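> Mind folding the following:
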Amino acid sequence: MTHPTQSSVLSPQHLVLFAILSAAAFIRFHGIDTNSLWTDEFYSLEFSCGHGGTADTLPHNSVFNAIAPTHLQYARPIPQIASAMELDTHPPLYPIVLRFWREIFGEDAVAGRSLSAIFSIVAVLMLFLTVRLLNGTSAALWSAALITVAAAQVQFAQLIRSYAMWLALVLACCWIIARIEKLGASRGNFIAFGLLSFCAMLTHYYAAPPLAAVALYGLIRFQKRDRKWLAITCVIAAAAWGIVWGPFFWRQIPNFSTNMGWVLENPAGHIGRSFARAAQMPANYLVPSRPSDQAITYVSAILYFIPIFFIRKKPQILLWWLILIFSVGFVLATDLKQSSQMLTELRYTTLASAATCALLILLLLNPRGGWWHALPATVVIAVLISISPAYDNMRPDFRGMGNYLAAGITKNDALVIIPPANDFWMADTYYLASTNYLDALPSRVVVLTNPATPEILAELKKSDQVWIIAGNANPPDQMLPGCKLIESRAFPFFAIVQHVSIKD
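Residues are numbered from 1 along each chain as shown. Purely as a prediction, here's the structure:
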């Protein structure tokens with residue numbers, strides 16, 4: 001048995017990889033707490049506490065006691081997380097992992113987002129390991145460098161959502177497939193692939209298209225005996241998923257039409273818009289999209305077709321091309337079928353962002369090296385220069401609203417939530433956001449979709465102060481008859497907070 005020498009451990013390739021991973025860590029943790037928590041992040045925190053139904057079943061037009069569904073103080077036992085997900089459209093593994101993470105590292109925004117940042121760094125490593133096996137060290141280092149600075153990766157890494165986790169899991173599956181192809185099959189490799197793909201599908205349903213692409217690549221590239229075992233592994237993993245999560249998934253099915261209504265758009269011109277969005281996807285994975293760049297980003301559509309002419313010469317490029325086609329193609333087909341605009345969100349095609357990085361490097365890099373390194377270097381530098389807008393996620397300032405309420409609200413106060421007339425679901429967001437940032441929860445909460453009844457007014461008058469979160473600027477006495485406005489503060493684009501008096 002041979003042992004690596006000190007010089008091999010500290011080879012230039014290892015040092016460059018260490019520098020890339022360090023840069024990935026810096027980029028992902030830089031400004032990680034700059035933006036307020038986002039609506040979907042509140043839901044992730046809520047689900048990690050086993051409260052999937054708390055906000056979604058808020059009583060309307062009746063007073064109830066407040067809890068903070070995103071706080072561990074009010075968390076339910078971990079086994080209840082799976083049942084809490086029945087009102088959602090996601091599987092349970094990420095909220096479970098997030099729960100353990102928060103129990104260890106804390107429950108603030110930085111702690112929650114750090115989990116995604118860590119998974120994103122792991123994804124960089126998995127991409128490197130896979131490309132190194134299939135295409136060599138130089139291609140692997142450039143691919144890792146590009147995914148390190150890609151705008152989509154920065155965004156996925158700074159959200160308390162499952163995107164970075166299933167990205168890392170599926171890329172780990174790619175690494176296992178590459179090991180089987182290049183180093184030979186083993187029982188351990190197939191077990192690892194089955195477990196990783198099972199976990200990926202328990203993390204996000206949209207892991208299915210890229211996993212199908214990875215499996216297809218293996219079926220094309222493996223020897224006959226290995227193809228058989230790969231097929232058996234996929235069947236076993238799918239059967240295990242069906243047994244473990246299938247009944248819960250069945251109960252979630254109605255939620256896909258009710259919870260995803262926001263992605264629907266006008267059918268007029270929908271087909272053209274959908275293909276235009278698909279054409280822009282490869283460029284949008286690398287640099288933040290701007291309307292003025294649309295003509296340029298359409299050129300990125302060439303990445304869907306040009307690999308076809310290189311597959312014979314570089315057969316391993318097939319893996320990344322299949323992932324790109326399957327990931328974007330599945331969402332495109334879904335959009336075309338139901339007149340939706342899911343392609344406006346990069347998160348549904350997370351794996352395609354990694355495939356784009358690998359494909360672009362493999363197409364630009366000449367195996368003979370030399371000055372050909374200037375091409376991938378130019379791309380990496382250009383993407384790095386464009387990275388700044390990736391940190392500027394223009395989302396509602398829920399933290400500002402929460403801090404404003406926290407400065408004045410006390411335990412014996414009341415909180416009145418008045419959602420916009422056509423967006424009653426915003427009541428859930430207002431409730432999650434406000435209670436997440438409050439140290440002292442109000443003793444009474446009411447969600448008003450109609451003017452308060454005398455009984456509700458009598459209950460609210462028992463409070464020291466009354467605070468309103470409203471989705472419009474209507475006078476507060478429209479919903480709280482007889483109240484007097486003391487103070488009001490607008491939070492642009494989503495809410496107005498009003499301090500009122502309803503004492504006689």
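
> so who does W372 touch?
Contact analysis of W372 by Cβ atoms under 8 Å, 6 or more residues apart in numbering lists 364-366. (Glycine included, C-beta is placed from N, CA and C.)

> Among these, find the lowest-pLDDT one for me.
pLDDT across these is lowest for N366, at 72.

> quick one: the strands in the stretch 51-200 of the chain?
For the stretch 51-200 of the chain, the strands defined by DSSP state E, counting those that start in this stretch cover 63-64.

> ugh, wrong one, I meant the stretch 351-500 of the chain
Ranges of strands in the stretch 351-500 of the chain, per DSSP E, counting those that start in this stretch, are 414-418, 444-447, 466-470, 484-491, 495-501.

> which of those strands is buried the deepest?
strand 414-418 (a mean of 26; mean count of other Cβ atoms under 10 Å).

> same for it, what does it pack against?
Judged by 3 or more Cβ pairs under 8 Å, 6 or more residues apart in numbering; DSSP states H and E, strand 414-418 is in contact with helix 426-437, strand 444-447, strand 466-470.

> What pairs with that strand, parallel or antiparallel?
Using DSSP bridges, strand 414-418 pairs in its sheet with strand 444-447 (parallel), strand 466-470 (parallel).

> I'd like the ones you listed laid out as CSV, including distance to L415 and mean pLDDT.
Listed next are the strands paired with strand 414-418 as CSV, based on distance: least, Cβ to Cβ, whole Å; pLDDT from 0 to 100:
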stretch, distance to L415, mean pLDDT
strand 444-447, 5, 94
strand 466-470, 5, 95
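
> could the ones you listed go into CSV alongside distance to P69?
Below are those laid out as CSV (distance: least, Cβ to Cβ, whole Å):
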stretch, distance to P69
strand 444-447, 12
strand 466-470, 16
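
> Out of these, the one nearest I317 is which?
strand 466-470 (52.3 Å; Cβ to Cβ).

> who's in contact with the closest one?
401, 405, 408-409, 413-418, 430, 434, 442, 460, 476, 479-480, 483, 495-502.

> try stretch 352-363
With Cβ under 8 Å, 6+ apart, stretch 352-363 has contacts from 123, 127, 130-131, 135, 139, 142-143, 146-147, 150, 152-153, 156, 167, 171, 210, 281-282, 285-286, 303, 306-307, 310, 314, 316-317, 320-321, 323-324, 327-328, 346, 376, 379.

> And stretch 440-453, by the same measure?
Stretch 440-453 is contacted from outside by 58-68, 406, 409-419, 424, 427, 431, 435, 456, 459-460, 462-463, 467, 478-481, using Cβ under 8 Å, 6+ apart.

> Could you tell me which of those residues count as buried?
Taking 16 or more other Cβ atoms under 10 Å as the criterion, what is buried in the contacts of stretch 440-453 is 58, 63, 66-68, 409, 413-419, 427, 431, 435, 456, 459-460, 463, 467, 479-480.

> and A490, bridged to which residues?
Applying DSSP bridges, one finds that A490 bridges with I496.

> Read off the pLDDT value for it.
Looking at A490, the pLDDT reads 93.

> was I right about it contacting G471?
No. The pair A490 / G471 is not scored as a contact, 11.4 Å apart, by Cβ atoms under 8 Å.

> Mind listing the shared neighbours of the two?
Common neighbours of A490 and G471, using Cβ under 8 Å, 6+ apart, are I496.

> mind checking how far the residue lying closest to F494 once chain neighbours are set aside is from S388?
Spatial nearest neighbour of F494, chain neighbours left out: P396 (4.0 Å); criterion: Cβ to Cβ, 6 or more residues apart in numbering. Note on P396: its distance to S388, by Cβ to Cβ, to the nearest Å, is 21 Å.

> those helices in the stretch 101-250 of the chain, which residues are they?
Counting by DSSP state H, counting those that start in this stretch, the stretch 101-250 of the chain has helices at residues 109-135, 137-149, 151-157, 163-183, 187-201, 208-221, 224-258.

> Flag every buried residue along the fifth one.
So that's helix 187-201. 189-190, 192-201.

> next one: the fourth one
Counting neighbours by 16+ other Cβ under 10 Å, one finds that the buried residues in helix 163-183 are 163-181.

> what about it, average pLDDT?
97.

> Would you mind writing the CA trace of it as CSV?
Written as CSV, here are the backbone C-alpha positions of helix 163-183 (Å, rounded to 0.1, in the frame of the first residue of the first chain):
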residue,chain,number,x,y,z
TYR,A,163,-32.4,24.6,-3.5
ALA,A,164,-28.7,24.4,-2.4
MET,A,165,-29.3,21.1,-0.6
TRP,A,166,-30.8,19.3,-3.5
LEU,A,167,-28.2,20.8,-5.8
ALA,A,168,-25.4,19.3,-3.7
LEU,A,169,-27.2,15.9,-3.5
VAL,A,170,-27.8,15.6,-7.2
LEU,A,171,-24.2,16.7,-8.0
ALA,A,172,-23.1,14.0,-5.5
CYS,A,173,-25.1,11.5,-7.6
CYS,A,174,-23.2,12.8,-10.7
TRP,A,175,-19.9,12.1,-8.9
ILE,A,176,-21.0,8.5,-8.1
ILE,A,177,-22.0,7.9,-11.7
ALA,A,178,-18.6,9.3,-12.8
ARG,A,179,-16.8,7.0,-10.4
ILE,A,180,-18.6,4.0,-11.7
GLU,A,181,-17.8,4.9,-15.3
LYS,A,182,-14.2,5.7,-14.7
LEU,A,183,-13.1,3.7,-11.7
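
> re earlier: and the contacts of stretch 352-363, which of them are buried?
Using 16+ other Cβ under 10 Å, the buried members of the contacts of stretch 352-363 are 123, 127, 130-131, 135, 139, 142-143, 146-147, 150, 152-153, 156, 167, 171, 210, 281-282, 285-286, 303, 307, 316-317, 320-321, 323-324, 327-328, 346, 376, 379.

> Check which residues of stretch 218-232 are buried.
Within stretch 218-232, the residues that qualify as buried are 218, 221-222, 226, 229-230, counting by 16+ other Cβ under 10 Å.

> For L167, see how far away the closest residue to A185 other than its chain neighbours is.
Nearest non-adjacent residue to A185, counting by Cβ to Cβ, 6+ apart: D226, 4.6 Å away. With distances taken as Cβ to Cβ, D226 is found 26 Å from L167.

> One more: T344?
In terms of Cβ to Cβ, T344 sits 19 Å off from L167.

> go on, G136?
For G136, the distance to L167 equals 23 Å [Cβ to Cβ].

> swap in F128?
Distance from F128 to L167, counting by Cβ to Cβ: 14 Å.

> again, but for N284
On the measure of Cβ to Cβ, N284 and L167 end up 16 Å apart.

> what's the answer for A421, then?
A421 is 39 Å from L167, by Cβ to Cβ.

> Now do the contacts for I496.
Here I496 is in contact with 468-473, 488-490 (Cβ under 8 Å, 6+ apart).

> how about a cut-off of 6 Å?
470, 473, 490 (Cβ atoms under 6 Å, 6 or more residues apart in numbering).

> tally of neighbours for the nearest residue to I96 once chain neighbours are set aside?
Counting by Cβ to Cβ, 6+ apart, I81 is the residue found nearest to I96 once chain neighbours are left out, at 5.4 Å. Counted with other Cβ atoms under 10 Å, residues neighbouring I81 total 23.
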